[in-house]
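*Asks:* sharing a model prediction with you, sequence too.
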Amino acid sequence: GQSLEQPSEVTAVEGAIVQINCTYQTSGFYGLSWYQQHDGGAPTFLSYNALDGLEETGRFSSFLSRSDSYGYLLLQELQMKDSASYFCAVRSGGYNKLIFGAGTRLAVHP
Amino acid sequence: EAGVTQFPSHSVIEKGQTVTLRCDPISGHDNLYWYRRVMGKEIKFLLHFVKESKQDESGMPNNRFLAERTGGTYSTLKVQPAELEDSGVYFCASSQERASGRQETQYFGPGTRLLVL
């Protein structure tokens, strides 16, 4: 089957750095994406990695290692507004279908 | 530019009833997707339209679910008759036309929260 594994919950304090890991097992792989979702809101695209390495977008960075079927999202200088659920998703197959992990709930405390 | 919109935001129905969910994608986006998140689990793919054609409906759970996209604009997802296990959040997403070797960002709507009693 196809599956993505990520921690269910992560807790951190304001100003800290947190890393959310994602390992995947899929029949095809065309890239790893990360989405953020606040309670009751729409999943919002954060980043995408098609090739190995680090992609940086402001306070957020995402890393991919295709040989290890592993990626992570790194959030720096955490703010209270970063409290949300974070989903990793793999594009598996030629039609852009996304396979999601169950999500990691991040709680940022003062 | 308006994002993906979905209607209704919430729906509570009884088992056996029919519910129709609507999604309006971002203007100009040919690709439209339906996903579902049940009981706090992962978001699962249901189907994918390219314009008015169903490109991939491998995630549709059974024949009680019917999706349409008239004229390649908005889409509807009808559940008839609804069962208890259909409860969840139904998301719609859209993206631009696929370009060779390029990942097109999928933009999600806020979802419809369906509760079947």
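*Replies:* Received it, and whenever you're ready, just let me know what you need. Numbers count the residues shown, from 1 in each chain, chains lettered A, B, ... in the order given.

*Asks:* how many neighbours does the closest residue in space to residue A:69 that isn't next to it in sequence have?
*Replies:* Spatial nearest neighbour of residue A:69, chain neighbours left out: residue A:24 (5.2 Å); criterion: C-beta to C-beta, 6 or more residues apart in numbering or on different chains. C-betas here are computed from N, CA, C, even on glycine. A total of 22 residues lie near residue A:24 under the criterion other C-beta atoms under 10 Å in any protein chain shown.

*Asks:* list the contacts of residue A:24.
*Replies:* Listed by C-beta atoms under 8 Å, 6 or more residues apart in numbering or on different chains, the contact set of residue A:24 reads A:3, A:4, A:5, A:32, A:69, A:70, A:71, A:88, A:90, A:99, A:101.

*Asks:* hmm, 10 Å instead?
*Replies:* Residues near residue A:24 by C-beta atoms under 10 Å, 6 or more residues apart in numbering or on different chains: A:2-6, A:32, A:66, A:68-71, A:88-90, A:92, A:99, A:101.

*Asks:* next: residue A:40.
*Replies:* Remark: with contacts taken as C-beta under 10 Å, 6+ apart, residue A:40 is in contact with B:9, B:89, B:110, B:111, B:113.

*Asks:* chain A: which of these is nearest?
*Replies:* Closest to chain A out of those is residue B:110 (4.5 Å), distances taken as C-beta to the nearest C-beta.

*Asks:* what number of residues lie near that closest one?
*Replies:* Residue B:110 has 18 neighbours, counted by other C-beta under 10 Å.

*Asks:* cool, and residue A:33?
*Replies:* Residue A:33 has 23 nearby residues by other C-beta under 10 Å.

*Asks:* can you tell me the helix or strand for it?
*Replies:* strand A:32-37 (DSSP states H and E).

*Asks:* what's that strand packed up against?
*Replies:* Packed against strand A:32-37 by the contact rule (3 or more C-beta pairs under 10 Å, 6 or more residues apart in numbering or on different chains; DSSP states H and E) you find strand A:18-25, strand A:44-49, strand A:53-57, strand A:60-65, strand A:70-75, strand A:84-91, strand A:98-100.

*Asks:* the third one vs chain B: in contact?
*Replies:* No - using C-beta under 10 Å from any C-beta of the partner chain, we find that strand A:53-57 stays clear of chain B, coming within 11.8 Å at best.

*Asks:* neighbours of residue 47, how many?
*Replies:* Using chain A. With other C-beta under 10 Å as criterion, residue A:47 counts 20.

*Asks:* ah, I was thinking of chain B
*Replies:* Residue B:47 has 21 neighbours, counted by other C-beta under 10 Å.

*Asks:* separation between it and chain A?
*Replies:* Computed as C-beta to the nearest C-beta, to the nearest Å, the residue B:47 to chain A distance reads 9 Å.

*Asks:* could you look up the SS state of that residue?
*Replies:* Secondary structure assignment for residue B:47 (DSSP: H, G, I helix; E, B strand; the rest coil): strand.
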